[in-house]
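Undergrad: When you get a sec, could you give me coordinates for this:
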Amino acid sequence: MKIEIIKMLQDLNFTEYEAKAYLALLDKSPLSGYAISLNSGVPRSKIYEVLSGMVERGEVMVSHEDPSLYTPLPPQELMRLKKSKIDSSFEAAETALAHYSYVSLNRENIWNITGFDAILSRAAEAINRATGRILLEIWTEEAKLLEPELRRAAERGVEILIVVYGELQFDFAQVYPHDSSEEITREYGGRWIVASIDDREVVAGIVSLGTDSRAAWTMHPGLVMPITEVIIHDLYIYEIMHVHRETLEQTFGPNLIELRKRYNFGPAGYSMAVKLGFT
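TA: Below is the predicted model of the structure:
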């Protein structure tokens, strides 16, 4: 009978020595480590290591006296403890595997999203998954629509950095106003959103064409990395301009307009969307 109980306890993640020590304590307690070794057959050289692990897991209790005396957690409480730990392990494993499956299924895909509402909804879902950092390049209008999700993310401890076209006051995020907001809006004739979540997934596209707005969502590392770097690059520019604006504008004009003229190929946003048949 005792052998069968030892095997049952081993099925509950007890080692053979732990099972023997626990049964010895059920037979008689409290006992010193030396007495448990004698009554259980666990070698004296191992008994204190065995008991220490069981105390740490809450399966055995120890008194603070000399010598220390040990007593077992009652069997019903032990079963509740084991069941609780197993349930927690299953829940943690289920969550981790579901997330792993989600990431692995989407890692190589690039998904097209059509329509303003669908794009904002996908961005909100991505923000809700954030655990570490959100990088966002966005116009004021869309930022305000995403404020509830962004605020909740900040409350979870997520770092939020926003490059905004226009004016924005969020007390829960680091907001960096883009110097050329008006010029860019005129040049491109529209607004876009670029969101990088935990450097793991991105939502990027034009959002000012109503139901014809187009964006992409992906976890593909070949796109996540360069799109994330676009936002980081604008943060670099903001910091550089903050410190060296006068010098840079002497060379490149207000808000570096001469640089924009040099590298701007022509209007893109709305007019480009017309060329591509989005309107």
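Undergrad: okay, CA-based contacts and neighbour counts for the rest of this
TA: Noted.
Undergrad: shouldn't V224 be in contact with R200?
TA: Yes. With contact defined as C-alpha atoms under 8 Å, V224 counts as touching R200 (6.5 Å).
Undergrad: for the record, mean pLDDT for stretch 212-232?
TA: With pLDDT averaged residue by residue, stretch 212-232 scores 90.
Undergrad: Pull the residues that contact it.
TA: Residues from elsewhere that reach stretch 212-232 (C-alpha atoms under 8 Å, 6 or more residues apart in numbering): 103, 106-116, 119, 122, 135-137, 163, 194-196, 199-207, 278-279.
Undergrad: Show the buried residues in those residues.
TA: Taking 16 or more other C-alpha atoms under 10 Å as the criterion, what is buried in the contacts of stretch 212-232 is 107, 113-116, 119, 122, 135-137, 163, 194-196, 199-207.
Undergrad: Residues contacting stretch 78-94, please?
TA: Contacts for stretch 78-94 (C-alpha under 8 Å, 6+ apart): L12, E59.
Undergrad: could you dump it to CSV, C-alpha only?
TA: Taking C-alpha atoms only, stretch 78-94 is exported to CSV below (Å, rounded to 0.1, in the frame of the first residue of the first chain):
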residue,chain,number,x,y,z
LEU,A,78,-1.9,19.4,0.1
MET,A,79,-4.3,18.3,-2.7
ARG,A,80,-5.8,21.8,-2.9
LEU,A,81,-2.3,23.3,-3.1
LYS,A,82,-1.2,20.8,-5.8
LYS,A,83,-4.5,21.3,-7.8
SER,A,84,-4.1,25.1,-7.6
LYS,A,85,-0.5,25.0,-8.9
ILE,A,86,-1.5,22.6,-11.7
ASP,A,87,-4.4,24.8,-12.7
SER,A,88,-2.2,27.9,-12.7
SER,A,89,0.4,26.0,-14.8
PHE,A,90,-2.2,24.9,-17.3
GLU,A,91,-3.6,28.5,-17.6
ALA,A,92,-0.1,30.0,-18.1
ALA,A,93,0.8,27.3,-20.7
GLU,A,94,-2.5,27.9,-22.5
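Undergrad: Only the buried residues of that stretch, if you could.
TA: For stretch 78-94, a neighbour-count test (16+ other C-alpha under 10 Å) marks L81, K82 as buried.
Undergrad: same check, this time on stretch 62-77
TA: Buried-residue list, stretch 62-77, by 16+ other C-alpha under 10 Å: V62, L69, Y70, T71, P72, L73.
Undergrad: Alright, calling it a day.
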